[in-house]
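In: Pasting the sequence and the predicted coordinates here, then a few questions.
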Amino acid sequence: MDAALLRLDGDDLTKTRWYDDYDGHTFSVDVFASPLAGLVICEVEAASADALRTIVFPAYAAIEVSDDPFFTGVNS
């Protein structure tokens, strides 16, 4: 790990990132380990908000959390 990162305050998190090509888009799927075991985040890039609204998401991407304060860092 980068020495500069080790000097920063914060909690250590461990995750495994997977990639899923679905319906013409590449989704990044992060599977977290303890203490966030069970949390799975799926992300996809889009050129604009309008383009994002046209994307068909895989069935496992069940809940939209983009505006949820827990996931945006507002509560940190």
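Out: In hand now; what should we look at?

In: Give me the buried positions along stretch 50-62.
Out: For stretch 50-62, a neighbour-count test (16 or more other Cβ atoms under 10 Å) marks residue 61 as buried. From N, CA and C alone the C-beta is placed, and that goes for glycine too.

In: Then residue 28 would be within a strand, right?
Out: Yes: counting by DSSP: H, G, I helix; E, B strand; the rest coil, residue 28 is found in a strand.

In: per-residue pLDDT, the residue nearest to it when sequence neighbours are not counted?
Out: Excluding the flanking residues, the one nearest residue 28 by Cβ to Cβ, 6 or more residues apart in numbering is residue 43, at 4.7 Å. The model reports residue 43 with a pLDDT of 93.

In: residue ranges for the strands of this structure, please.
Out: 15-22, 25-32, 40-44 (DSSP state E).

In: Could I get those strands in TSV, plus columns for mean neighbour count and distance to residue 65?
Out: Shown next, in TSV, are these (neighbours: other Cβ atoms under 10 Å; distance: least, Cβ to Cβ, whole Å):
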stretch	mean neighbour count	distance to residue 65
strand 15-22	12	15
strand 25-32	15	12
strand 40-44	15	8
